[in-house]
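Asks: one predicted model, sequence on top.
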Amino acid sequence: MKKKWYDYLWIASLLYLILGFFNILFAWLGLLCFCIPLLFAVVGGNKGYCNRYCGRGQLFGMLGGRFGLSRKKDIPNWMKSKVFRYGFLTFFFAMFFLMLWNTWLVFAGARDLKQVVTLLWTFKLPWNWAYHGTLFHPGVAQFAFGFYSVMLTSTVLGLITMVLFKPRSWCVYCPMGTMTQLICKAKNGRNV
Amino acid sequence: MKTGIKRRKAQVDRADCVACGCCVKVCPVQAIEIVRGVTARVNQDKCVGCGRCAAECPASVIQIREVGA
């Protein structure tokens, strides 16, 4: 089948991670991965972003498929259960709001900017080379560090499950995928 | 009309489908669609039972089963 322009969006996902390594402010672009799927779900009532435009999914599909970096085994039943998927969504968003709270503290002047990227919500990696000062408030940079942490953490988790199970195993428990499917279910009912 | 001939077709376990659309991309005859962001649906008339969708499905919720034609 002839490839379309959107089949190359994996390049954008890869570029995003690389740019954030050199200048953390590029992390703000990641908001597109949050807003566009929600727009598809809320306005269109579909998962058009997952189905066609998700560059991260394409990246996992390519690394696990063409590059053979996946065992291609079935994902365990508990990982595709609703309890795990909804639980992970809740946990992910709790951590997201914690990150927003930390950003707010910097904006409010109650805390100094921390130039670290937190991997897997635990490991603090120094990332000071990617921040060169900005015309904006340090809170803008704090959000960038926090958001890049979210994106890097989910990429690492996705890569681990890509290797262990099928290439796009991340799609099973991706919080955005779970949330947009929930919105679609609420919008379209169960008569599908 | 039932002919008694069995054919292999893809069947989706809709309860566990995450509607990611991986199956749609690999289907060689465009027999699968994602219905309103909720689940994948196989057009049984078009499906040739090749099994590419079942192999690709990250949640492994697609089975190839024999059905009466």
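Replies: That came through fine.
Asks: can we go C-alpha only for contacts and neighbour counts from here?
Replies: Fine.
Asks: which residues in chain B form strands?
Replies: B:6-12, B:32-35, B:39-42, B:62-68 (DSSP state E).
Asks: what lines up beside the last one in the sheet?
Replies: Just to be clear, that refers to strand B:62-68. Strand B:62-68 has these partner strands in its sheet, going by DSSP bridges: strand B:6-12 (antiparallel).
Asks: other residues contacting the partner strand?
Replies: Residues outside strand B:6-12 that contact it (C-alpha atoms under 8 Å, 6 or more residues apart in numbering or on different chains) are B:40-42, B:44, B:47-51, B:53-54, B:61-69.
Asks: and with 10 Å instead?
Replies: B:31-32, B:39-54, B:57, B:60-69 (C-alpha atoms under 10 Å, 6 or more residues apart in numbering or on different chains).
Asks: stretch A:104-117 too?
Replies: A:24, A:98-103, A:123-131, A:137-150, A:152-153.
Asks: and the strands of chain B as TSV, adding mean pLDDT and distance to A:F34?
Replies: Shown next, in TSV, are the strands of chain B (pLDDT from 0 to 100; distance: least, C-alpha to C-alpha, whole Å):
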stretch	mean pLDDT	distance to A:F34
strand B:6-12	93	28
strand B:32-35	96	21
strand B:39-42	97	21
strand B:62-68	91	28
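Asks: I'd say A:Y148 and A:T118 touch.
Replies: Yes: if you go by C-alpha atoms under 10 Å, A:Y148 and A:T118 touch, sitting 8.6 Å apart.
Asks: what about those two, which has more around it?
Replies: Taking neighbours as other C-alpha atoms under 10 Å in any protein chain shown, A:Y148 and A:T118 compare with A:Y148 leading, 27 against 20.
Asks: residues touching the more buried one, list them.
Replies: Each residue near A:Y148 by C-alpha under 10 Å, 6+ apart is listed here: A:16-17, A:20-21, A:24-30, A:116-119, A:142, A:154.
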